[in-house]
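Chemist: When you get a sec, could you give me coordinates for this:
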Amino acid sequence: MDQMAGKCDLHTHTYASDGMQSPEENVRLAYEKGLSAVAITDHDTVAGVAEAIAEGKRLGLTVVPGVEISTRVGGKDIHILGYYVNCSDEVFLKQLADLRNTREQRNAKIIAKLQELGVKVTLEEVISGLGRELRPDESVGRPHMADVLVSKGYARDMRDAFDRYLGENAAAFISVPRISPQDACRWIREAGGTPVLAHPGIYGDDGLVRKILEEAQPAGIEVFHSDHGKAEEERYLAMADEYGLIVTAGSDYHGARQGVVFHGDIGSKSVPVTVLDQLKDASANE
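Modeler: Numbering: from 1, shown residues only. As a prediction, this is how the structure comes out:
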């Protein structure tokens, strides 16, 4: 536990998007792991941030307000993390609501495609699988669909569900119009935050990663991620140095599904809390 003191995990999801746990539970887990700080970075929503901050204050743990924005460029879904955004900025909240509407359109198309393939799944089943009411500022994601696919026997586990049906280039994958990484970085900056390119290794195209860094100009890059191996970490550390970027780390914790933690456990990837000052300074200097 002591080895996590002074460390922060800058990428976790709650049930405000496609995580399995409440914002408070994520904060308590981070506290139990011995972390000094944790970020809440749900997809296209800041719905869980206020609850997490309140729990952080109770426990004496720093909670970083964040978001993960969905964008698309070069034929790939690209995610941009935003830290220290103003969660009550009305323009930003409207922009995020528009993104969630796009996500809902995508979800309906995925379900329709699954049904065309003979997979008998409905959106109502996916939502009922949450086990609670879906709030207006929350959204359903592909991991929720994967849960149902596994429970109904259409896939062995989460990975199989994505490989077979839901992942990029899989049978039921649907691409919908998204904003660009440049737009996402601009929105985050206009909301007082600092943009960071999420998990570059997942995209499998370092030429595209460089293009994003040069055109969207995020302030940081997520070098350490649960889906990055040593080679990726070394490559993106060098890229961070080359472009003068803040180096961040995140587990991309979504909770456990079918007994498997997805992507990694809270605190499994971390950086020193001094990185938080770099993120704050970057937003202040915009």
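
Chemist: Roughly how far does K269 sit from L166?
Modeler: Counting by CB to CB, to the nearest Å, the gap from K269 to L166 is 24 Å. Yep, even glycine has a C-beta here, placed from its N, CA and C like the rest.

Chemist: Compare neighbour counts for those two and give me the winner.
Modeler: Neighbour totals were compared for K269 and L166, and K269 leads with 26 against 23 (other CB atoms under 10 Å).

Chemist: separation between the more buried one and G193?
Modeler: Plainly put, K269 is 21 Å away from G193 if you go by CB to CB.

Chemist: go on, G82?
Modeler: Between G82 and G193 the computed distance is 4 Å (CB to CB).

Chemist: shared neighbours of those two, anything?
Modeler: G66, V67 (CB atoms under 8 Å, 6 or more residues apart in numbering).

Chemist: just the strands in this protein please.
Modeler: Counting by DSSP state E, one finds strands in the chain at the ranges 7-9, 37-40, 62-73, 76-83, 194-197, 220-225, 246-250, 256-257, 260-261, 271-272.

Chemist: neighbouring contacts of stretch 54-63?
Modeler: 8, 23-24, 27-28, 30-31, 35-40, 49, 52-53, 273, 276.

Chemist: pretty sure D89 is in contact with R189, am I right?
Modeler: No: with contact taken as CB atoms under 8 Å, D89 and R189 are classed as non-touching, separated by 11.4 Å.

Chemist: Which helix or strand in this structure has the lowest average pLDDT?
Modeler: Ranking every helix and strand in the chain by mean pLDDT, DSSP states H and E puts strand 260-261 at the bottom, with a mean of 66.

Chemist: closest to D205 out of the strands of the chain?
Modeler: With CB to CB as the criterion, D205 lies closest to strand 76-83 of the strands of the chain, at 6.9 Å.

Chemist: Go through the closest one and flag the buried ones.
Modeler: In terms of neighbour count (16 or more other CB atoms under 10 Å), strand 76-83 has its buried residues at I78, H79, I80, L81, G82, Y83.

Chemist: so how far is it from its chain's centroid?
Modeler: Computed by CA atoms, centre = their mean, to the nearest Å, the chain-centroid distance of strand 76-83 equals 8 Å.

Chemist: do stretch 227-244 as well
Modeler: For stretch 227-244, the distance between its averaged C-alpha position and the chain's averaged C-alpha position is 19 Å (CA atoms, centre = their mean).

Chemist: any low-confidence regions in the stretch 51-200 of the chain?
Modeler: For the stretch 51-200 of the chain, the stretches flagged by pLDDT under 70 are 131, 136.

Chemist: hang on, the earlier thing: is it possible to export the buried residues of strand 76-83 to TSV including distance to G129?
Modeler: As requested, the buried residues of strand 76-83 are exported to TSV (distance: CB to CB, whole Å):
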residue	distance to G129
I78	28
H79	24
I80	28
L81	27
G82	29
Y83	31
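
Chemist: from these, which is closest to Q182?
Modeler: Nearest to Q182 among those: I80, at 9.5 Å, using CB to CB.

Chemist: Any idea what that closest one is bridged to?
Modeler: When bridges are taken as DSSP bridges, the partners of I80 come out as I69, L197.
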